[in-house]
Every structure is written in structure tokens, then in C-alpha cells.
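*Asks:* Got a sequence here, can you model it:
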Amino acid sequence: MSNADFLNRLNPSQQNAVKYVDGPSLVIAGAGSGKTMVLTYKIAYLLSTGMRAHNILALTFTNKAAREMKTRVGTLVGDFEANSLWMGTFHSVFNRILRREAHLFGFTSDYTIYDTSDSRSLLKAILKDMNLDDKIYKVGVVQSRISEAKNALLTAAEYARSKEIMQRDINARMPLLGEIYSIYCRRCLQANAMDFDDLLLYTFLLFENYPGICQRYAERFHYILVDEYQDTNYAQHRIMIQLSQVHRRICVVGDDAQSIYSFRGANIENILQFQELFSDSRLFKLEQNYRSTRNIVGAANSLIEKNNRQIPKTIFSENAEGDPLSIQYAFSDVEEGEIVSNKIQFLVRQKHIEYNQIAILYRTNAQSRIFEEALRKHAVPYRVYGGQSFYDRKIVKDVFAYFRLIVNPNDEEAFKRAVNYPVRGLGAVTVGKILGAAHDNGAGIWDVMATPQTYGVQINAGTKSKLQSFYDMITSLRADGTDAYILGQKILTESGIMAELNRDTSPEGFEMKNNLSELTNGMYTFVSMQRETGATEHVYMTDYLSEVALLSDTDEQGTENENLVTLMTVHSSKGLEFDTVFVVGMEEELFPNQQALYSQKELEEERRLFYVAITRAKNRCLLSCAKSRFRFGQMDFYKPSRFLDEIAPQYIQSGKENKQVFHAQQPLFRASTSLRPSPGVLHKVEVAQHQESSSLEEVMINNCPCHVGTHVEHARFGEGEIKALSGSPDNATATIEFRHLGEKKLLLKYAKLTIIE
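*Replies:* As a prediction, this is how the structure comes out:
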């Protein structure tokens with residue numbers, strides 16, 4: 001295929017980016033601008049000029065991207081040439097190099113690669129050998145610190161020599177981190193194993209300490225291409241400098257506006273400062289978006305221009321103008337879930353959009369619960385992309401093991417999961433003895449736990465004491481007659497789970513706390529609903545577990561039917577596209593998150609994250625936020641995200657009819673967590689105490705008369721109109737038609753209502 005054949009398929013900007021191969025270049029590829037095509041065609045162009053495939057190095061961040069690119073190159077120039085390329089992820093290519101040179105660091109060429117769980121297991125063993133308190137030296141935190149050091153190209157020796165790092169570790173009450181790092185490296189060497197971070201660190205050290213080897217590889221790679229350069233970390237950036245020192249023909253492709261992985265070590269400065277580092281580099285901008293409508297592109301541009309640190313560009317689209325972005329202001333997270341679910345059903349039935357062309361994007365994984373439950377309720381098929389369904393997450397299953405054990409102490413699977421989480425020195429051997437005695441004697445687990453010696457369980461005094469403590473805790477909780485929500489909170493506290501997570505400062509620990517907050521949110525909602533609808537006044541753990549079991553037992557999503565709505569975090573959505581995108585939870589402290597409110601750098605990354613979310617949409621982008629969310633044991637009220645006001649108004653459908661929800665005066669007090677009517681409960685309904693009335697034409701709410709036709713606001717369901725009143729004045733039930741949730745019957749002495757003037 002001639003050069004002209006390649007170029008004819010590209011627009012002028014793409015052609016220029018492909019044809020320049022004489023020196024360093026930076027290609028800024030805006031969202032939907034055909035970045036993969038440019039990378040693929042550039043490789044084909046290089047081959048068409050006579051460059052040999054084995055002299056081209058092409059680096060990506062995912063195996064999927066590498067496979068896709070290699071397949072496309074193969075289509076253009078043949079599979080033999082494509083397979084001869086040095087193409088793959090950073091880790092796979094550096095692993096290929098290290099296999100040949102590993103002996104220089106004391107490894108053999110057949111070294112093992114430890115994944116995250118292998119690394120964690122080794123660190124656990126080291127902490128145990130050193131008799132360190134795992135409540136202070138949390139294995140996740142230790143693993144994260146060592147990973148950060150390696151990606152900053154700090155060896156264990158350099159780490160130990162840094163006074164600044166040592167002081168940081170002392171302040172964190174972990175002064176032995178440097179020693180742990182050193183032992184970890186030694187143990188990996190003894191095991192002939194490298195972890196993923198080692199593949200970067202040792203490649204850098206190889207080129208740094210052995211200039212002749214670096215020269216050999218730098219001479220070999222006549223041309224270097226790097227995809228998603230905005231996502232590179234310090235180590236990857238430095239290795240690229242090492243490898244490009246001979247030919248200085250390196251092309252990095254990316255988009256600073258889509259740099260969203262700083263929490264993984266990505267450094268946006270790598271792409272922003274590329275032209276300073278390579279002063280003779282050429283800049284190419286791919287500014288035509290082929291994916292989205294003009295309204296979506298315009299909205300995204302008007303948002304991202306608020307960032308200070310960026311490479312100026314003007315993304316444009318020649319597609320249809322399309323619908324403006326819409327913003328839905330919900331009263332609560334529950335109503336938000338219903339609004340999104342109803343809109344999806346409308347799009348499928350009226351606009352004939354396939355489910356698999358719709359995505360719901362959220363800032364944190366914990367937000368999935370509300371939407372999972374709303375979609376299940378309306379029989380909308382879905383999948384949780386890149387993660388587990390809410391009730392399948394490990395921390396949720398761990399907590400549910402306690403819930404199940406409280407209800408049924410002979411639940412063997414629940415017992416095995418709960419007895420040593422958090423760690424309380426009751427390992428597999430002890431658990432095996434308890435279960436074995438129960439099986440051998442035909443007894444219940446809890447009977448054996450009560451008097452293990454009666455059933456011949458041989459344990460020492462220390463283990464017996466720990467078993468007794470666990471037995472006493474569960475027995476005490478079983479005797480607690482409070483409702484499911486209050487009991488759930490007690491379990492989280494008395495089991496030590498909340499204390500365990502509060503000590504975990506790692507990103508994983510923060511995510512688990514968010515999931516537990518969302519779990520208690522769901523329990524609160526369930527208990528409230530049962531009371532408000534008059535289903536039952538006493539809502540126990542058994543009732544809650546039955547409800548969740550029915551939810552979780554719904555036909556598995558995605559096993560056979562691939563036509564599914566996709567739920568995912570915005571981070572997971574990068575690189576994907578959908579006809580219709582819902583970006584939910586657009587509130588201050590959620591998106592942007594709370595930490596970003598105090599850091600301009602973090603706020604700009606949150607804005608880039610929102611930019612990524614918007615630009616996943618081809619034809620429709622719908623934004624939503626909620627006035628209230630029940631989090632960490634209380635009802636919290638939020639302001640709409642500042643990002644919503646940063647989108648130019650010409651690209652937004654106003655939504656004036658519901659924006660006033662957020663500008664109404666906030667309540668002076670928050671919801672009680674007791675879930676029982678008491679003087680402090682938010683919007684507490686005060687029903688007039690007067691004689692029985694057969695007609696029941698009127699009741700009192702907050703000392704105001706209420707009758708059929710009265711418009712009310714519910715703290716969770718939003719605005720509605722009373723359609724009927726029944727029962728006695730002191731036990732009245734109202735049938736209310738809510739704008740987004742339909743008709744509900746609520747028991748007024750429990751319902752959280754206010755009258756709308």
C-alpha cells in the first residue's frame with residue numbers, strides 16, 4: 001500500500017502528525033479525534049518508508065490497546081510485520097528486556113512476577129516476622145508506600161538515607177518502613193521474583209548503571225511511540241528519555257485534558273513539559289471530534305477552559321448539533337435513582353436506544369447501589385463494569401456475615417467469614433477444630449462455641465479466651481431488640497470493623513468506608529420505608545436480610561444477555577464511548593470530591609475527570625445531582641457541583657422547574673438516626689390528636705392543615721400531591737402521587753413530609 005493510500009484516509013491534521021518522523025513530536029489528541037488511527041497509521045507509514053519493524057518501539061498502557069493496535073497494523077501491512085514490532089505495555093516490554101539482563105541484579109532469566117496479592121502476602125509475612133502491630137503497619141499502606149518509592153525510582157538504600165522520608169514515616173508512626181522495604185527487596189531476590197513496580201525500577205537502573213546496555217537499546221529503537229503519555233509516571237518518563245537519547249525520534253500521544261490518574265502516580269507535567277525537555281520537538285493537535293455532537297463538544301470545551309495548567313486547543317465537531325445537556329435536580333439519592341431509571345426506560349421504548357448504548361457514570365464505586373436497586377426494580381438489565389455488584393463486594397460480604405450470624409449463629413459460611421475479621425487471632429486451625437467438633441457430634445456451631453471443651457475441642461487458654469470474647473459479643477448483639485439499622489451500626493462498631501477501616505489510610509480503605517456508608521444508607525432507607533408505608537413498625541435484621549436476598553437473587557445480569565446498561569466509575573470509562581451517558585452525583589464534596597476543595601491542583605484534575613465523563617457521550621449527556629444523601633449515619637445536604645455552572649449556558653437545557661429544589665432554605669437540623677418519632681426528627685409529622693373521624697377530610701402536618709390536593713415534599717421521594725387520606729387522625733395514611741416515584745401510601749406519623757406553599 002502506498003503512502004498516499006494511508007494519507008487519503010486521514011484529515012490534514014492527522015496526516016501532518018503521521019508524516020513527521022524526523023525528530024521528537026508531541027501529538028495532542030482531543031477526545032474522539034481518532035488517536036488510535038493516527039498511532040496505527042504512523043507505524044504503517046514508518047514501515048512504508050523502509051524502517052524495519054524490530055526497530056520500532058510502541059508502548060501502551062493496557063494489553064487491550066496493544067492488541068487492538070497490533071491487529072490494525074496487521075490489517076495494513078501484514079501480520080508478520082505487525083508481530084515483529086516491539087509493541088506492548090510498558091511492563092510487558094520492560095519484562096522482555098529484563099529477562100535478558102536480570103543476572104546483573106542477581107535474578108535468573110526465569111524470575112517470577114508477583115501480582116498485587118503475592119506482594120501483599122509477602123509483606124504480611126514480613127510484618128509478622130518483625131512482630132509489628134498490623135493495626136499500625138497496615139499491609140495496604142505499607143504496600144502503597146513501597147510502590148510509591150519504586151515509581152519515584154528510590155531504591156531501599158536511597159529510601160533509608162532520606163531524612164525527609166524518615167521523618168514522614170516517624171510522623172505516621174511507622175518508623176520501620178525503610179527496614180521493611182529493604183527486607184521486602186531481599187526476600188523478593190531470594191524468591192527470584194519481581195513485582196510490577198520492579199519491572200520499571202530495574203529497567204531504569206539497568207540503563208542508568210550500565211550505559212553500554214542503554215546505548216545498545218537506544219540504538220536499536222530508531223523510533224519510539226508512546227500512547228496516553230499524560231498517564232505516565234516519573235519512572236516511565238525517565239526511561240523514555242534514556243531510550244530516545246541516540247536517535248531522538250520519539251512521538252508521544254495523549255491529551256492533557258484527560259489526565260485523571262494522579263492517584264496511580266501519573267504526572268501531568270510529563271506531557272505539559274515535553275516541549276521544554278525536547279526543545280526541537282514539533283507540536284501537532286488533533287482537534288476534530290468524530291464522536292460527539294456539537295453541543296456535547298461545546299459543553300466540554302467550556303468546562304475545561306477553566307483549568308489553568310493545560311495545552312491550549314479548540315476541539316470542534318462537524319456532527320449534528322444534537323440535544324443540549326440536561327441537568328436534573330433530585331430531592332434525594334433515591335429519587336435520583338428513579339429519575340435515571342425512568343429516563344432509561346423512556347429512551348429504550350420511545351427513542352429505540354439499545355441498553356448497551358447507555359452508561360451511568362459515577363465518581364465512587366459506592367454510588368452504584370442506588371442505581372442497581374432502581375434498575376432491578378424496573379427490570380432494566382445492567383452490568384457493573386470493571387468491578388463487582390454492590391452486594392458482591394468483599395467488605396459488604398464481610399459485614400453481611402455478621403448480620404447472618406446474628407440471625408442464625410449456626411450459619412457455617414457466615415461463621416467462617418466473621419470469626420477472624422477483623423483479625424482476632426482465631427485462624428484456620430482453630431476454626432477447623434470448631435467446625436470439626438460440630439460435624440463429628442452432630443451439634444450446632446454455636447453450641448460448640450459455648451462450651452468447646454464439652455465437645456473435645458483442644459485449644460490453649462489464650463485461644464479459648466478469644467473464642468469466648470467473640471461468642472459473648474455475638475450473643476450480646478443477638479439479644480439486642482433494636483431495629484435493623486441501629487443493630488447494623490452497633491455491629492460495625494462492636495465488631496471492630498469501623499475501627500479497622502478508620503486506621504486504614506490507603507485508597508482501598510477509603511473505598512471500603514464509602515461502601516459501608518452506602519450499606520448503612522440502604523439499611524436506613526429500608527427501615528424507614530417499612531415504617532412509612534405501614535408494612536411493619538418493627539423492622540428487624542431478619543426482614544432486612546430477606547429483602548437483600550431477594551434483591552441479590554434476581555436473575556444474574558450479563559451472563560447471557562449482552563444488551564445491558566453499563567454502570568461504572570468515570571475513571572473506568574476512559575477510552576469508551578456510548579450513545580447516551582448519565583453522569584450522576586454532581587454535588588459539591590462528591591464531584592468534585594471533598595479533598596479537591598482545598599487544592600487547586602486536585603480541583604483541576606476533578607474538572608478533567610468531569611470532562612472525560614462528558615466526552616464519553618455521542619448523542620446525549622444527562623447530568624443529575626441530589627439535594628440530600630444519607631451518609632455516615634446522618635442525612636447530609638449538598639449544593640450542586642460548581643462544575644454545572646462552569647458549562648456555558650447555551651449548551652445546557654435549563655431545568656428551571658426543578659433547580660429551585662436546591663435553592664430552598666435548608667433545614668435547621670438534620671434527620672435523627674434513631675428512626676423513631678422524636679422531637680428532633682427532620683420534618684417530623686405531628687398528627688392532630690382529636691376524635692376519630694370517619695370521613696378524615698383533614699389532618700395536621702407541622703401544625704398546618706393538610707387535605708386531598710395538598711402538595712407536599714418528602715425528604716427522600718421529592719414533591720408529590722396527596723390523592724387520598726384514610727384511617728384515624730392519630731394513625732392516618734396518605735396516598736401520595738410523587739412526581740418521579742409514582743404513587744405511595746405513607747403512614748403519616750412516620751413519614752418525613754413538609755407542606756409546599
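*Asks:* Kindly state the pLDDT recorded for Phe669?
*Replies:* You'll see Phe669 listed with a pLDDT of 30.
*Asks:* before we move on, what about Asp134?
*Replies:* Confidence score, pLDDT, at Asp134: 82.
*Asks:* same thing with the one 3 residues further on?
*Replies:* Looking at Tyr137, its pLDDT reads 91.
*Asks:* Could you check how far the closest residue to Ala300 other than its chain neighbours is from Asp579?
*Replies:* The spatial neighbour of Ala300 that comes closest, neighbours along the chain excluded (C-beta to C-beta, 6 or more residues apart in numbering), is Ile614 at 4.6 Å. For the C-beta atoms, the positions are set from N, CA and C on the backbone; glycine is no exception. The spacing between Ile614 and Asp579, counted by C-beta to C-beta, to the nearest Å, is 14 Å.
*Asks:* Could you check which of the two has the larger neighbour count?
*Replies:* Counting neighbours by other C-beta atoms under 10 Å for Ile614 and for Asp579 shows that Ile614 has the greater number, 26 against 16.
*Asks:* Just the pLDDT for the more buried one.
*Replies:* On the pLDDT scale, Ile614 gets 98.
*Asks:* same thing with the one 5 residues further on?
*Replies:* Note for Asn619: predicted pLDDT of 97.
*Asks:* Parallel or antiparallel, list what pairs with the helix or strand harbouring it.
*Replies:* Applying DSSP states H and E as the criterion places Asn619 in strand 617-631. When pairing is defined by DSSP bridges, strand 617-631 lines up against strand 325-332 (parallel), strand 578-583 (parallel), strand 634-637 (antiparallel).
*Asks:* Let me know which of these is tucked in deepest.
*Replies:* Stretch with highest mean neighbour count among the strands paired with strand 617-631: strand 578-583 (a mean of 25; mean count of other C-beta atoms under 10 Å).
*Asks:* Now the helix or strand just after that strand: buried residues?
*Replies:* Next along the chain after strand 578-583, taking DSSP H and E as the criterion, comes helix 600-614. Going by neighbour count (16 or more other C-beta atoms under 10 Å), the buried part of helix 600-614 is 602-614.
*Asks:* send the alpha carbons of helix 600-614 over as PDB?
*Replies:* Provided in PDB are the C-alpha atoms of helix 600-614 (Å, rounded to 0.1, in the frame of the first residue of the first chain):
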ATOM      1  CA  GLN A 600      -6.200  23.900  43.000                       C
ATOM      2  CA  LYS A 601      -4.200  21.000  41.500                       C
ATOM      3  CA  GLU A 602      -6.700  18.400  42.700                       C
ATOM      4  CA  LEU A 603      -9.600  20.600  41.600                       C
ATOM      5  CA  GLU A 604      -8.200  20.800  38.100                       C
ATOM      6  CA  GLU A 605      -7.900  17.000  38.000                       C
ATOM      7  CA  GLU A 606     -11.500  16.600  39.100                       C
ATOM      8  CA  ARG A 607     -12.500  19.000  36.300                       C
ATOM      9  CA  ARG A 608     -10.600  16.900  33.800                       C
ATOM     10  CA  LEU A 609     -12.400  13.900  35.200                       C
ATOM     11  CA  PHE A 610     -15.800  15.500  34.500                       C
ATOM     12  CA  TYR A 611     -14.500  16.400  31.000                       C
ATOM     13  CA  VAL A 612     -13.800  12.800  30.400                       C
ATOM     14  CA  ALA A 613     -17.300  11.800  31.600                       C
ATOM     15  CA  ILE A 614     -19.000  14.300  29.200                       C
END
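*Asks:* Please enumerate residues in contact with it?
*Replies:* 31, 257-260, 262, 268, 296, 299-300, 303-304, 306-309, 325, 361, 363, 570-571, 573-574, 581, 583, 591-593, 595-597, 621, 641, 643, 646 (C-beta atoms under 8 Å, 6 or more residues apart in numbering).
*Asks:* same thing with stretch 96-112?
*Replies:* 86, 88, 189, 191-194, 199, 202-203, 205-206, 209-210, 213, 217.
*Asks:* Please compute how far the strand holding Asn619 lies from its chain's middle.
*Replies:* Averaging C-alpha positions (C-alpha atoms, centre = their mean, to the nearest Å) puts strand 617-631 16 Å from its chain's average.
*Asks:* just checking, what packs against the helix or strand hosting Leu47?
*Replies:* Leu47 belongs to helix 35-48 when assigned by DSSP H and E. If contacts are counted by 3 or more C-beta pairs under 8 Å, 6 or more residues apart in numbering; DSSP states H and E, helix 35-48 sits against helix 3-7, helix 12-19, strand 25-29, strand 56-60, helix 63-77, strand 223-226, strand 250-254.
*Asks:* Output the contacting helices and strands for the second one.
*Replies:* The elements that helix 12-19 packs onto, with contact taken as 3+ C-beta pairs under 8 Å, 6+ apart, are helix 3-7, helix 35-48, strand 282-286.
*Asks:* what does the second one contact?
*Replies:* What it means is helix 35-48. 1-3, 6, 9-10, 14, 17-19, 21, 27, 29, 53, 56, 58, 65, 68-69, 72-73, 76-77, 81, 85, 223, 225, 227, 251, 253, 255, 286.
*Asks:* Quick one, which of those residues are buried?
*Replies:* 6, 10, 14, 17-19, 27, 29, 53, 56, 58, 65, 69, 72-73, 76-77, 81, 85, 223, 225, 227, 251, 253, 255, 286.
*Asks:* ok and the strand holding Asn619 relative to helix 600-614, angle-wise?
*Replies:* 120 degrees (axes from the mean of the first three to the mean of the last three C-alpha atoms, to 10 degrees).
*Asks:* For the nearest residue to Thr580 once chain neighbours are set aside, the count of nearby residues, please.
*Replies:* Excluding the flanking residues, the one nearest Thr580 by C-beta to C-beta, 6+ apart is Arg620, at 4.2 Å. Per other C-beta under 10 Å, the neighbour tally for Arg620 reads 25.
*Asks:* contacting residues around Arg620?
*Replies:* Residues counted as contacts of Arg620 (C-beta under 8 Å, 6+ apart) are Gly322, Asp323, Leu347, Asp579, Thr580, Val581.
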